[in-house]
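# Quick one, what's the 3D model for this:
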Amino acid sequence: MTYQELIGKIVALQDEGLELFNAGKSVLGKNLLATHVGDYSGPQVLIQAGIHAREYITSLLLVEMARNLYLNDLVHGGGIYFVFLVNPDGAEIVLDGIESVNCDITRNYLISANNGSLDFSQYKANINLVDLNTNFNADWGGGSQNVFCPSTEDFVGFYPESEREVQSLINFTLQTRPLLTISYHTKGEVIYYGFENMSSENLTRDQLIGESFSEYTGYPLIFTENSTGGYKDWCINTLKIPAYTFEVGSADLPHPIGEENLPEIYEKNKEIPLIALEKAKEYANQIDFALSFVQNKVKGESYEKTNKSNATGYYARLQSRIEGRNSNRRSDC
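Numbers count the residues shown, from 1 in each chain. Below is the predicted model:
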(Lines give C-alpha, C1' and ligand atoms only; values in the text may rest on other atoms or scores of the structure.)
Protein backbone atom coordinates (compact mmCIF):
# COMPACT_ATOMS: atom_id res chain seq x y z
CA MET A 1 0.00 0.00 0.00
CA THR A 2 1.17 3.54 -0.76
CA TYR A 3 0.39 6.64 1.24
CA GLN A 4 -1.91 7.94 -1.51
CA GLU A 5 -3.79 4.64 -1.51
CA LEU A 6 -4.31 4.95 2.23
CA ILE A 7 -5.61 8.50 1.92
CA GLY A 8 -7.70 7.42 -1.05
CA LYS A 9 -9.54 4.88 1.11
CA ILE A 10 -10.39 7.61 3.60
CA VAL A 11 -11.43 10.15 0.96
CA ALA A 12 -13.57 7.52 -0.80
CA LEU A 13 -15.97 7.67 2.15
CA GLN A 14 -17.28 10.88 0.62
CA ASP A 15 -18.55 8.88 -2.36
CA GLU A 16 -20.72 6.91 0.07
CA GLY A 17 -22.22 10.03 1.62
CA LEU A 18 -20.02 10.72 4.62
CA GLU A 19 -18.76 14.26 5.11
CA LEU A 20 -15.03 14.67 5.66
CA PHE A 21 -13.48 17.63 7.42
CA ASN A 22 -10.12 18.53 8.93
CA ALA A 23 -9.39 18.01 12.60
CA GLY A 24 -6.15 19.98 12.21
CA LYS A 25 -2.81 19.90 10.43
CA SER A 26 0.44 17.97 10.58
CA VAL A 27 3.89 19.55 10.78
CA LEU A 28 4.13 19.40 6.98
CA GLY A 29 0.65 20.83 6.54
CA LYS A 30 -1.26 17.64 5.76
CA ASN A 31 -4.90 17.54 6.82
CA LEU A 32 -5.93 15.34 9.74
CA LEU A 33 -9.03 13.91 8.09
CA ALA A 34 -12.09 13.25 10.23
CA THR A 35 -15.79 12.48 9.95
CA HIS A 36 -18.85 12.36 12.19
CA VAL A 37 -21.58 9.75 12.26
CA GLY A 38 -24.90 10.19 14.06
CA ASP A 39 -26.41 13.21 15.77
CA TYR A 40 -24.51 16.30 16.84
CA SER A 41 -26.83 16.61 19.83
CA GLY A 42 -26.49 14.23 22.75
CA PRO A 43 -23.34 12.53 24.06
CA GLN A 44 -20.36 12.36 21.72
CA VAL A 45 -17.52 9.82 21.42
CA LEU A 46 -14.16 10.50 19.76
CA ILE A 47 -12.11 7.67 18.23
CA GLN A 48 -8.64 8.39 16.85
CA ALA A 49 -6.05 6.25 15.09
CA GLY A 50 -2.74 6.35 13.27
CA ILE A 51 -0.91 8.44 15.84
CA HIS A 52 2.06 6.09 15.40
CA ALA A 53 3.35 6.00 11.84
CA ARG A 54 3.66 2.24 11.40
CA GLU A 55 0.18 1.61 12.83
CA TYR A 56 -1.76 2.78 9.77
CA ILE A 57 -3.85 -0.41 9.83
CA THR A 58 -5.84 1.31 12.57
CA SER A 59 -6.76 4.07 10.11
CA LEU A 60 -8.25 1.45 7.81
CA LEU A 61 -10.12 0.00 10.78
CA LEU A 62 -11.77 3.37 11.41
CA VAL A 63 -12.72 3.63 7.74
CA GLU A 64 -14.59 0.34 7.99
CA MET A 65 -16.23 1.36 11.25
CA ALA A 66 -17.43 4.71 9.94
CA ARG A 67 -18.73 3.17 6.71
CA ASN A 68 -20.69 0.46 8.51
CA LEU A 69 -22.26 2.83 11.03
CA TYR A 70 -23.24 5.38 8.41
CA LEU A 71 -24.56 3.09 5.68
CA ASN A 72 -26.62 1.06 8.15
CA ASP A 73 -27.87 4.15 10.04
CA LEU A 74 -26.81 2.68 13.37
CA VAL A 75 -26.01 5.79 15.40
CA HIS A 76 -28.81 7.67 17.17
CA GLY A 77 -29.13 9.80 20.29
CA GLY A 78 -25.55 11.01 20.06
CA GLY A 79 -22.60 10.98 17.71
CA ILE A 80 -19.19 9.50 17.01
CA TYR A 81 -16.20 11.43 15.67
CA PHE A 82 -13.50 9.51 13.81
CA VAL A 83 -10.03 11.04 13.34
CA PHE A 84 -8.51 8.63 10.86
CA LEU A 85 -4.79 9.42 10.72
CA VAL A 86 -3.23 11.70 13.34
CA ASN A 87 0.31 11.22 12.02
CA PRO A 88 0.12 11.50 8.22
CA ASP A 89 3.73 12.70 7.82
CA GLY A 90 5.05 9.63 9.62
CA ALA A 91 2.70 7.26 7.80
CA GLU A 92 3.95 8.55 4.47
CA ILE A 93 7.54 7.75 5.45
CA VAL A 94 6.57 4.20 6.44
CA LEU A 95 4.50 3.56 3.33
CA ASP A 96 6.52 5.39 0.65
CA GLY A 97 9.99 5.28 2.16
CA ILE A 98 12.45 7.98 3.14
CA GLU A 99 12.61 9.28 -0.44
CA SER A 100 9.13 10.73 0.15
CA VAL A 101 10.84 13.42 2.27
CA ASN A 102 11.72 16.22 -0.12
CA CYS A 103 14.17 18.15 2.05
CA ASP A 104 17.71 16.76 1.96
CA ILE A 105 18.55 18.06 5.44
CA THR A 106 15.45 16.52 6.98
CA ARG A 107 15.96 13.26 5.10
CA ASN A 108 19.57 12.93 6.30
CA TYR A 109 18.53 13.82 9.84
CA LEU A 110 15.91 11.05 9.83
CA ILE A 111 18.35 8.51 8.37
CA SER A 112 20.88 9.36 11.07
CA ALA A 113 18.25 8.81 13.78
CA ASN A 114 17.40 5.50 12.09
CA ASN A 115 20.99 4.30 12.62
CA GLY A 116 21.83 4.93 8.98
CA SER A 117 19.21 2.49 7.71
CA LEU A 118 16.91 3.32 4.77
CA ASP A 119 14.30 0.88 6.08
CA PHE A 120 11.62 2.94 7.81
CA SER A 121 8.97 0.23 8.07
CA GLN A 122 9.24 0.27 11.89
CA TYR A 123 9.06 4.07 12.21
CA LYS A 124 6.66 5.42 14.86
CA ALA A 125 7.43 9.14 15.16
CA ASN A 126 6.30 12.23 13.27
CA ILE A 127 8.56 14.18 10.88
CA ASN A 128 10.23 15.86 13.89
CA LEU A 129 11.24 12.49 15.39
CA VAL A 130 8.74 12.96 18.22
CA ASP A 131 6.59 10.06 19.39
CA LEU A 132 3.25 11.89 19.39
CA ASN A 133 1.70 9.58 21.97
CA THR A 134 4.29 10.67 24.54
CA ASN A 135 3.98 14.41 23.83
CA PHE A 136 0.76 15.21 25.70
CA ASN A 137 0.91 17.09 28.98
CA ALA A 138 0.00 14.20 31.27
CA ASP A 139 3.00 13.51 33.50
CA TRP A 140 5.04 14.26 30.39
CA GLY A 141 8.42 12.51 30.37
CA GLY A 142 7.49 10.13 33.17
CA GLY A 143 7.11 6.91 31.18
CA SER A 144 9.50 4.04 31.74
CA GLN A 145 10.35 3.80 28.02
CA ASN A 146 10.62 7.54 27.33
CA VAL A 147 13.76 8.89 25.68
CA PHE A 148 14.91 12.48 25.63
CA CYS A 149 16.67 12.85 22.30
CA PRO A 150 15.05 12.74 18.85
CA SER A 151 14.35 9.14 17.95
CA THR A 152 12.28 6.96 15.65
CA GLU A 153 10.19 6.04 18.72
CA ASP A 154 9.61 7.04 22.36
CA PHE A 155 11.07 10.60 22.15
CA VAL A 156 8.81 12.81 24.26
CA GLY A 157 9.67 16.06 22.47
CA PHE A 158 11.51 19.07 23.85
CA TYR A 159 8.45 20.17 25.81
CA PRO A 160 4.88 18.89 26.18
CA GLU A 161 2.43 19.59 23.36
CA SER A 162 5.26 20.82 21.17
CA GLU A 163 3.96 19.07 18.06
CA ARG A 164 1.37 20.44 15.66
CA GLU A 165 -0.48 17.12 15.46
CA VAL A 166 -0.82 16.98 19.25
CA GLN A 167 -2.04 20.56 19.40
CA SER A 168 -4.54 19.80 16.64
CA LEU A 169 -5.96 16.76 18.41
CA ILE A 170 -6.22 18.68 21.67
CA ASN A 171 -8.02 21.57 20.02
CA PHE A 172 -10.37 19.22 18.20
CA THR A 173 -11.17 17.39 21.43
CA LEU A 174 -11.93 20.67 23.19
CA GLN A 175 -14.18 21.75 20.35
CA THR A 176 -16.14 18.50 20.15
CA ARG A 177 -16.27 17.78 23.91
CA PRO A 178 -16.57 13.98 23.81
CA LEU A 179 -17.66 12.14 26.93
CA LEU A 180 -15.45 9.18 26.04
CA THR A 181 -12.43 8.64 23.79
CA ILE A 182 -10.76 5.61 22.27
CA SER A 183 -7.27 5.46 20.76
CA TYR A 184 -6.47 2.61 18.39
CA HIS A 185 -2.93 1.24 18.31
CA THR A 186 -1.15 -1.99 17.44
CA LYS A 187 -0.46 -4.59 18.72
CA GLY A 188 -1.14 -7.17 21.46
CA GLU A 189 -4.94 -7.40 21.72
CA VAL A 190 -5.29 -5.63 25.06
CA ILE A 191 -7.19 -2.60 26.33
CA TYR A 192 -5.55 -0.05 28.62
CA TYR A 193 -7.55 2.13 30.98
CA GLY A 194 -6.93 4.50 33.85
CA PHE A 195 -4.13 6.84 34.86
CA GLU A 196 -2.37 7.81 38.06
CA ASN A 197 -4.07 9.95 40.72
CA MET A 198 -7.60 9.31 39.47
CA SER A 199 -10.46 9.64 41.92
CA SER A 200 -11.83 6.30 43.13
CA GLU A 201 -15.20 7.16 41.58
CA ASN A 202 -13.73 7.80 38.14
CA LEU A 203 -11.50 4.75 38.34
CA THR A 204 -14.46 2.50 39.16
CA ARG A 205 -16.52 4.09 36.38
CA ASP A 206 -13.78 3.65 33.80
CA GLN A 207 -13.12 0.05 34.84
CA LEU A 208 -16.80 -0.86 34.48
CA ILE A 209 -16.96 0.69 31.01
CA GLY A 210 -13.71 -0.99 30.05
CA GLU A 211 -15.05 -4.36 31.13
CA SER A 212 -17.82 -4.00 28.54
CA PHE A 213 -15.19 -3.43 25.83
CA SER A 214 -13.17 -6.39 27.10
CA GLU A 215 -16.18 -8.69 27.15
CA TYR A 216 -17.01 -7.87 23.53
CA THR A 217 -13.51 -8.05 22.06
CA GLY A 218 -12.02 -10.73 24.28
CA TYR A 219 -9.06 -8.38 24.92
CA PRO A 220 -7.85 -8.28 28.55
CA LEU A 221 -8.46 -4.99 30.36
CA ILE A 222 -5.23 -3.67 31.92
CA PHE A 223 -4.67 -0.69 34.19
CA THR A 224 -2.02 1.67 32.78
CA GLU A 225 1.31 1.64 34.60
CA ASN A 226 4.69 3.24 33.78
CA SER A 227 3.30 4.90 30.66
CA THR A 228 2.54 8.61 30.47
CA GLY A 229 2.09 11.46 28.01
CA GLY A 230 -0.45 9.72 25.78
CA TYR A 231 -3.71 11.06 24.40
CA LYS A 232 -5.67 8.67 26.65
CA ASP A 233 -3.70 9.90 29.65
CA TRP A 234 -4.36 13.55 28.78
CA CYS A 235 -8.11 12.95 28.38
CA ILE A 236 -8.28 11.27 31.79
CA ASN A 237 -5.95 13.64 33.60
CA THR A 238 -7.11 16.95 32.12
CA LEU A 239 -10.71 16.43 31.02
CA LYS A 240 -11.67 13.79 33.61
CA ILE A 241 -13.42 11.65 31.01
CA PRO A 242 -13.17 7.90 30.36
CA ALA A 243 -10.49 7.14 27.78
CA TYR A 244 -9.03 3.90 26.50
CA THR A 245 -6.19 2.59 24.35
CA PHE A 246 -6.96 -0.48 22.25
CA GLU A 247 -3.99 -2.49 20.99
CA VAL A 248 -5.31 -4.50 18.03
CA GLY A 249 -3.71 -7.38 16.19
CA SER A 250 -2.07 -10.46 17.62
CA ALA A 251 1.23 -9.95 19.41
CA ASP A 252 2.69 -12.52 17.03
CA LEU A 253 2.16 -10.30 14.00
CA PRO A 254 5.09 -8.22 12.73
CA HIS A 255 4.99 -4.43 12.44
CA PRO A 256 3.52 -2.93 10.39
CA ILE A 257 0.41 -5.11 10.42
CA GLY A 258 -0.78 -5.72 6.86
CA GLU A 259 -4.18 -5.27 5.25
CA GLU A 260 -4.73 -9.02 5.16
CA ASN A 261 -5.29 -8.86 8.93
CA LEU A 262 -7.92 -6.12 8.77
CA PRO A 263 -11.01 -8.39 8.45
CA GLU A 264 -10.20 -10.24 11.68
CA ILE A 265 -9.36 -7.02 13.54
CA TYR A 266 -12.56 -5.40 12.32
CA GLU A 267 -14.74 -8.36 13.35
CA LYS A 268 -13.38 -8.14 16.90
CA ASN A 269 -13.95 -4.36 17.11
CA LYS A 270 -16.84 -3.41 14.81
CA GLU A 271 -19.37 -2.88 17.64
CA ILE A 272 -16.99 -0.94 19.88
CA PRO A 273 -18.10 2.54 18.66
CA LEU A 274 -21.74 1.72 19.47
CA ILE A 275 -20.84 0.23 22.84
CA ALA A 276 -18.79 3.35 23.59
CA LEU A 277 -21.69 5.64 22.71
CA GLU A 278 -24.14 3.62 24.80
CA LYS A 279 -21.76 3.78 27.75
CA ALA A 280 -21.34 7.54 27.25
CA LYS A 281 -25.13 7.87 27.48
CA GLU A 282 -25.35 5.56 30.49
CA TYR A 283 -22.64 7.36 32.45
CA ALA A 284 -23.31 10.90 31.17
CA ASN A 285 -24.39 12.12 34.58
CA GLN A 286 -21.17 10.79 36.11
CA ILE A 287 -18.86 12.40 33.56
CA ASP A 288 -17.87 15.98 34.39
CA PHE A 289 -16.05 17.28 31.32
CA ALA A 290 -13.55 19.87 32.61
CA LEU A 291 -15.36 22.95 31.30
CA SER A 292 -13.14 25.34 33.25
CA PHE A 293 -10.15 24.07 31.29
CA VAL A 294 -12.00 24.49 28.00
CA GLN A 295 -13.16 27.99 28.90
CA ASN A 296 -9.62 29.07 29.69
CA LYS A 297 -8.52 27.90 26.25
CA VAL A 298 -11.45 29.59 24.54
CA LYS A 299 -10.46 32.87 26.18
CA GLY A 300 -7.33 32.84 24.06
CA GLU A 301 -4.70 31.05 26.06
CA SER A 302 -2.51 29.60 23.28
CA TYR A 303 -0.65 26.33 23.69
CA GLU A 304 2.52 27.92 22.42
CA LYS A 305 2.34 30.69 24.99
CA THR A 306 1.56 28.25 27.79
CA ASN A 307 4.39 25.94 26.84
CA LYS A 308 6.94 28.72 26.52
CA SER A 309 5.97 30.32 29.82
CA ASN A 310 6.35 26.99 31.59
CA ALA A 311 9.49 25.95 29.75
CA THR A 312 11.81 26.44 32.74
CA GLY A 313 9.70 24.22 34.93
CA TYR A 314 9.39 21.55 32.28
CA TYR A 315 13.11 21.44 31.60
CA ALA A 316 13.92 21.24 35.30
CA ARG A 317 11.47 18.37 35.61
CA LEU A 318 12.98 16.69 32.56
CA GLN A 319 16.53 17.05 33.86
CA SER A 320 15.53 15.47 37.16
CA ARG A 321 14.05 12.49 35.38
CA ILE A 322 17.07 12.08 33.13
CA GLU A 323 19.42 12.09 36.09
CA GLY A 324 17.27 9.50 37.85
CA ARG A 325 16.99 7.21 34.85
CA ASN A 326 20.35 7.22 33.07
CA SER A 327 19.51 4.01 31.27
CA ASN A 328 17.14 5.97 29.05
CA ARG A 329 19.73 8.51 27.99
CA ARG A 330 21.36 8.28 24.59
CA SER A 331 25.13 8.50 24.38
CA ASP A 332 24.96 11.26 21.78
CA CYS A 333 22.95 13.65 23.97
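
# How far does stretch 177-196 stretch from one end to the other?
Using CA to CA, to the nearest Å, the end-to-end distance of stretch 177-196 comes to 22 Å.

# starting at the chain centroid, how far to stretch 37-46?
What separates the centre of stretch 37-46 from the centre of its chain is 19 Å, taken as CA atoms, centre = their mean, to the nearest Å.

# pLDDT score assigned to N197?
N197 is assigned 88 on the pLDDT scale.

# what's the distance between the closest residue to it other than its chain neighbours and T186?
Counting by CB to CB, 6 or more residues apart in numbering, N237 is the residue found nearest to N197 once chain neighbours are left out, at 7.7 Å. The way it works is simple: take the backbone N, C-alpha and C, and place the C-beta from them, glycine included. Separation of N237 from T186 (CB to CB, to the nearest Å) stands at 24 Å.

# Spell out the residue ranges of the strands in this protein.
Taking DSSP state E as the criterion, the chain contains strands spanning 20-25, 31-38, 44-49, 79-83, 180-186, 190-193, 221-223, 243-248.

# what would the ones you listed look like in a markdown table with distance to A125 and mean pLDDT?
Below are the strands of the chain laid out as a markdown table (distance: least, CB to CB, whole Å; pLDDT from 0 to 100):
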| stretch | distance to A125 | mean pLDDT |
| --- | --- | --- |
| strand 20-25 | 17 | 97 |
| strand 31-38 | 16 | 98 |
| strand 44-49 | 16 | 98 |
| strand 79-83 | 18 | 98 |
| strand 180-186 | 14 | 98 |
| strand 190-193 | 20 | 98 |
| strand 221-223 | 24 | 97 |
| strand 243-248 | 18 | 98 |
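
# Take these and write them to a markdown table, including distance to A113.
A markdown table is the format used below for the strands of the chain (distance: least, CB to CB, whole Å):
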| stretch | distance to A113 |
| --- | --- |
| strand 20-25 | 23 |
| strand 31-38 | 24 |
| strand 44-49 | 24 |
| strand 79-83 | 26 |
| strand 180-186 | 21 |
| strand 190-193 | 27 |
| strand 221-223 | 30 |
| strand 243-248 | 25 |
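
# Nearest to I170, out of those?
strand 20-25 (8.9 Å; CB to CB).

# that older thread, list the residues that contact the residue nearest to N197.
For N237, the contact set (CB atoms under 8 Å, 6 or more residues apart in numbering) comprises A138, D139, F195, N197.

# Quick check, central residue of the protein?
What sits nearest the mean C-alpha location of the chain, by CA atoms, centre = their mean, is I51, with 4.6 Å.

# these two touch, right, that residue and T134?
No: contact criterion CB atoms under 8 Å: I51 and T134 do not qualify, at 10.2 Å.

# quick one: low-confidence ranges for this structure?
Along the chain, segments meeting pLDDT under 70 span 291-333.

# most residues in a single helix of it, which one?
Ranked by residue count and defined by DSSP state H, the top helix of the chain is helix 200-217.

# What is the neighbour count of the closest residue to K240 other than its chain neighbours?
Counting by CB to CB, 6+ apart, K240 lies nearest to A290, which is 5.3 Å off, once chain neighbours are set aside. A290: 16 surrounding residues under other CB atoms under 10 Å.

# distance of A290 from D233?
In this view, A290 and D233 are 14 Å apart by CB to CB.

# buried ones in stretch 200-217?
N202, L203, R205, D206, I209, G210, S212, F213, S214, T217 (16 or more other CB atoms under 10 Å).

# Show me what that stretch is in contact with.
Contact with stretch 200-217 is made by 180, 189, 191, 193-194, 198, 219-221, 223, 236, 240, 242-244, 246, 268-269, 271-272, 275-276, 279, 283, 286-287, as judged by CB under 8 Å, 6+ apart.
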